[in-house]
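Chemist: What would the 3D arrangement of this be:
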Amino acid sequence: MANHIVLIGPVASGKSSVSECLSRCLHLPRISLDDSVYYRKIFREAGYDEAYAGVLREKDWKEYLLYREPFYLLLIEKALSMPVDHVIDFGAPHSVLFGKGNPERLSMLMAPVKDIILLLPVEDVERTKVILLERKTKDYPLDEEAFLALNDRFLKSDANKQLAKRTVYTYDRTPKQVCKLILSLLDR
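Modeler: Numbering: from 1, shown residues only. Presented below is the predicted three-dimensional model:
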């Protein structure tokens, strides 16, 4: 099995920026599970119904996420099965699953991964919510209310803390500084 580095965390925690830096520094390929080109092909091959998902997304985003969970698991399984080391950044919903049996399946998939790093601005959950909202850019696909609700859901869950082997706090650090900190923690 490859020795992947996996970054997890809530929306706007810096996973993509830090994974780009780690990828460059370690000369490893990067997989972003939020990359629509990457995941749409895998979803489509597995029978994902884009029209149905669109209806769910408009009606109830929690049901939309539940519908997507089996596809997230397939996506994660494919990424982790890569034979060469990669830096893999999960989208926020990929590491916090609620559907029946899905959290357990995710834990089994992630168990062999040595380097799972949870990125959070600070330890305090309420302060983290404020900082993440400040980081939200205008072009982010969620409105402020949905953004807050989504991050609230993920921050209230213990799933990320249970999966993570390390937590790195990013407040007042650039992605490059976070990258250097992570490199100092890894056995590479």
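Chemist: any idea where the helices of this structure begin and end?
Modeler: Counting by DSSP state H, the chain has these helices, from start to end: 15-26, 36-45, 50-59, 61-80, 102-110, 125-135, 144-156, 159-163, 175-185.
Chemist: elements contacting the third one?
Modeler: To tie it back to what came earlier, the one meant is helix 50-59. helix 61-80 (3 or more Cβ pairs under 8 Å, 6 or more residues apart in numbering; DSSP states H and E). Any C-beta I mention is one placed from the backbone N, CA and C, and that applies to glycine too.
Chemist: What lies in contact with the helix it packs on?
Modeler: By Cβ atoms under 8 Å, 6 or more residues apart in numbering, the surrounding residues in contact with helix 61-80 are 1-2, 4, 31, 33, 38-39, 42-43, 46, 48, 52-53, 56-57, 86, 88, 90, 93-94, 97-99, 102, 105-106, 109-110, 113, 146, 149-150, 153.
Chemist: relative to helix 144-156, how tilted is that helix?
Modeler: Counting by axes from the mean of the first three to the mean of the last three Cα atoms, to 10 degrees, helix 61-80 lies at 60 degrees to helix 144-156.
Chemist: Tell me how many other residues surround residue 175.
Modeler: Counted with other Cβ atoms under 10 Å, residues neighbouring residue 175 total 18.
Chemist: again with residue 148
Modeler: 17.
Chemist: quick one: it from residue 124, how far?
Modeler: 16 Å (Cβ to Cβ, to the nearest Å).
Chemist: Going by neighbour count, list what's buried in stretch 154-161.
Modeler: Within stretch 154-161, the residues scored as buried using 16 or more other Cβ atoms under 10 Å are 154-155, 157, 159-160.
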